[in-house]
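*Asks:* pasting a predicted model and its sequence here:
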Amino acid sequence: MKEFLWLIPALPFAGFLALLLAGRSMPERLSALVGTGAVGLSAIAVLLIGIDFIGSPPPGGFHAQGLWSWVELGWFRADAALRLDALSLTMAAVVTFTAFLILVYSAEFMAGDEGYSRFFAYMDLFVAFMLVLVLADNFLFLYLGWEGVGLCSFLLIGFRYKESHTGYAARKAFIMTRAGDTAFLIGIILLAASFGTLDIQTVMEVGEGAASGQQGAIAALAALSILAGALGKSAQAPLQTWLPDAMAGPTPVSALIHAATMVAAGVYLIARTHALFELAPAVMALIAALGAATLLISGLSALVQSDIKRALAYSTMGQVGFMFLALGAGYWQAAIFHFMTHAFFKALLFLSAGAVITALGGEHDMKRMGGLRKRLPLAFWSFLIGAASLSALPLVTAGYYSKDLILKGALAGSGAFLWGAGITGAFVTALYAFRMVFLVFFGKAGADAARRTGMGIAAPLVLLSALALFSGFIGVPSFLGAVAPPPDTAAQVDTTLAGVLSALVPVLGAAAAYVVFFKRRAWVEGLPEKGFVAGLHAFLRSGWGFDRLYERLFVRPYLLAARAGREDFMDAPYAGAAKAAELLSRLLAKTQSGQVRRMRWMTIGALLALRARSYDAHGRSPSSGVAAWASARLGGPSRVVLPFWRSRSILRSSFPFWTEEIAAADGSLKPILNGCPA
């Protein structure tokens, strides 16, 4: 089965092409079938190939498949090739299965939307590029998937492009991630120049042997560049500001971006290139520190959001921060495990929130909700399970097992300080997760729920609920050994106390949310209106003011420089040429007014001017030059002037006044106007 590896990304690409070519002519039901079916078949292909891979592991623990020769310039060669190993298999399985459930949900959720077929085309393309990214065998092919994911996020965030705020959000996401992508591209160029290849496995092997010297320094610099790219795609500080605004897209888009595609790309990239990062301990420490900072920044911001989707967006930043904390500690295995569990419970949370928003007629404000647990029981239980797994409630949720592994690894690999940041983040996570539960589903009833969910929405919610509860019992698959941490890492410290705290802290956070946002809710709602608390609330609500900071540091200086250089001397010749062309265009436009009366007199005037050229100063027909030659060749004066004058019937029908010439007795030409002698 491994020889059919190419089918995994090819099937979603085929679905995209079918939907693109059919356009709006394809009925909604068929569009949903094609878009969902292509990803579903890809998920089946991953399952069958994965069974074959685990049952009969290939030599070396990986299977490579070349597709075609892509770039070959002298010593440089990059093929379109795929690589299947434990890491890429896990990523492909989570991406395809989660995306399939989201698309099943979308078939009902997006019903009636004017861009229904276009939506499924974009979603299929999104999944296809993500699969290219995780299966690519070399950095250049991986970068193709990387940029494709960025393009599709732009298209999907701005899906409802007629609304101005969606276009702004799409542009912001595209520009912010471009900063990281540029750094990533520089890292790829450094690797190619230093190691003479872009084959990922070859670079990793050569990098492991280049712990010192010039190649070691270049590898460390390349690792820093790769980290910048990962920070942009995974929305980690300081490139995190685009993600909350990305909620302008439809809810299934948010679920796919946060759960299984774009935001996970940075985690995968660092895990795939971990050998380079091991050469740069300072860069690994930076990864852990940025992850810890992001989970605290996002957690406190989520506490004060009123838009349910924005609160979930900040929660994604925090959970990816936990993954970065594990990556910085060298605990690659725990990061990938948490990626898997996070994909399930985050997709569940977004889809449950989408069911609530749809039932309330598009309402996003949690303060206008309330008392929905009885009116929307399926959405309530689904959201509660997702929030419990997000909070990592012990023993009964998948999120607990993966987050507990991260916290133990952080204590072992990064020290007590970053472990403390992780524990604090776990408490804040439970606090804001259950704040959402109490605001939306408990308390006084708010907006009325007008729509019930159908089977297309209910089935994915039930399946994702089961995965959010039980996928953690899988533990960490043993075949993930390709990205396993050093075997003695966890043995360096006693993690008993850390294990107790990682189990206890989420429970305390949920209990605090019950007291603060349910029992004492009225007291809390009055706080933002009072003095210092109001300023702190606004500061946290804005995401710690990063947007304002970037506007002052980058946007305003750029606009100022652009205005200053708009009329400099370098543009003068081009501006002058443009003005001259514009003036000439306006003058010529006056001759093309479209008024038949004016065109008639212009035509008559032009014909009279041409006729006047056929006479000398004494009014006689010329006997030399062009006119004489034409007269001799065409057989007499009556045929000299314009050949098309033979079409007299056309001229008569177009112009009531037209000029005709007849030969006088003395051989000269006399004009006749409208049939009357002049």
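*Replies:* Looks like it came in fine. Residues are numbered from 1 along each chain as shown.
*Asks:* which residue is the nearest non-sequential neighbour of the spatially most central residue of the chain?
*Replies:* The residue lying closest to the centre of the chain (CA atoms, centre = their mean) is Ser153, at 1.6 Å. Ranked by CB to CB, 6 or more residues apart in numbering and with sequence neighbours excluded, the top spatial neighbour of Ser153 is Met262, at 5.1 Å. In this view, the C-beta of every residue, glycine as well, is placed from N, C-alpha and C.
*Asks:* contacting residues around that neighbour?
*Replies:* The contact partners of Met262, taken as CB atoms under 8 Å, 6 or more residues apart in numbering, are 130, 149-150, 153, 233.
*Asks:* could you rerun that using 10 Å?
*Replies:* 126, 129-130, 133, 146, 149-150, 152-153, 156-157, 173, 177, 233-235, 243, 246, 256 (CB atoms under 10 Å, 6 or more residues apart in numbering).
*Asks:* over to Gln236?
*Replies:* Contacts of Gln236 by CB under 10 Å, 6+ apart are 180, 227, 230, 243, 263, 266-267, 287, 290-291, 293-295, 297-298, 317, 320-321, 323-324.
*Asks:* next one: Gly354
*Replies:* Taking CB under 10 Å, 6+ apart as the test, what Gly354 contacts is 102, 105-106, 109, 250-252, 254-255, 308-309, 379, 453, 457, 461.
*Asks:* kindly recompute the last result at 6 Å.
*Replies:* Thr251 (CB atoms under 6 Å, 6 or more residues apart in numbering).
*Asks:* just the one 10 residues further on next, same as before
*Replies:* With contacts taken as CB under 6 Å, 6+ apart, His364 has the following neighbours: 307-308.
*Asks:* could you rerun that using 7 Å?
*Replies:* 307-309, 357 (CB atoms under 7 Å, 6 or more residues apart in numbering).
*Asks:* quick one on the thing from earlier: where does the residue nearest to the centre of the chain land on pLDDT?
*Replies:* As predicted, Ser153 sits at a pLDDT of 96.
*Asks:* isn't it up against Ile257?
*Replies:* Yes: proximity of Ser153 to Ile257 meets the contact threshold set by CB atoms under 7 Å, at 6.1 Å.
*Asks:* need the longest strand for this structure.
*Replies:* Across the chain, the strand with the greatest residue count (assigned by DSSP state E) is strand 63-73.
*Asks:* show me what whichever helix or strand comes after it is packed against.
*Replies:* Downstream of strand 63-73, the first helix or strand assigned by DSSP states H and E is strand 76-84. Strand 76-84 sits against strand 63-73, helix 116-135, helix 139-157, with contacts defined as 3 or more CB pairs under 7 Å, 6 or more residues apart in numbering; DSSP states H and E.
*Asks:* just the CA coordinates for strand 76-84, please, in PDB.
*Replies:* Once non-C-alpha atoms are left out, strand 76-84 reads as follows in PDB (Å, rounded to 0.1, in the frame of the first residue of the first chain):
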ATOM      1  CA  PHE A  76      21.300  22.000  -6.900                       C
ATOM      2  CA  ARG A  77      18.500  19.500  -7.200                       C
ATOM      3  CA  ALA A  78      15.000  19.300  -5.600                       C
ATOM      4  CA  ASP A  79      12.500  16.700  -6.500                       C
ATOM      5  CA  ALA A  80       8.800  16.600  -5.800                       C
ATOM      6  CA  ALA A  81       9.000  13.700  -3.400                       C
ATOM      7  CA  LEU A  82       7.100  12.400  -0.400                       C
ATOM      8  CA  ARG A  83       8.400  10.800   2.800                       C
ATOM      9  CA  LEU A  84       6.300   8.600   5.100                       C
END
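*Asks:* between that strand and helix 139-157, how many degrees?
*Replies:* If you take axes from the mean of the first three to the mean of the last three CA atoms, to 10 degrees, strand 76-84 sits at 70 degrees to helix 139-157.
*Asks:* following strand 76-84, which helix or strand shows up next?
*Replies:* Once the chain leaves strand 76-84, the next helix or strand it forms, by DSSP H and E, is helix 86-109.
*Asks:* now do the strands in the stretch 151-300 of the chain.
*Replies:* In the stretch 151-300 of the chain, no strands are defined using DSSP state E, counting those that start in this stretch.
*Asks:* show me the shaky parts of it.
*Replies:* 208-213, 215 (pLDDT under 70).
*Asks:* burial measure for Arg118, as a count.
*Replies:* 18 (other CB atoms under 10 Å).
*Asks:* what about it, distance to Tyr161?
*Replies:* Separation of Arg118 from Tyr161 (CB to CB, to the nearest Å): 11 Å.
*Asks:* so the spatially closest residue to Val356 that is not a sequence neighbour, which state does it fall into?
*Replies:* Leaving aside its chain neighbours, Val356 sits nearest to Ala379 (5.2 Å; criterion: CB to CB, 6+ apart). Of the three states, Ala379 takes helix under DSSP: H, G, I helix; E, B strand; the rest coil.
*Asks:* isn't Ala379 right up against Thr358?
*Replies:* No: with contact defined as CB under 7 Å, Ala379 does not reach Thr358; the gap is 9.4 Å.
*Asks:* which one's more surrounded, those two?
*Replies:* Legend: neighbour count by other CB under 10 Å for Ala379 and Thr358, higher for Ala379 (28 against 20).
*Asks:* OK, contacts around the more buried one?
*Replies:* Applying CB under 7 Å, 6+ apart, the residues contacting Ala379 are 352, 355-356, 453.
*Asks:* retrieve the pLDDT associated with it.
*Replies:* Note for Ala379: predicted pLDDT of 95.
*Asks:* how about Arg83?
*Replies:* Among the per-residue scores, Arg83 holds a pLDDT of 95.
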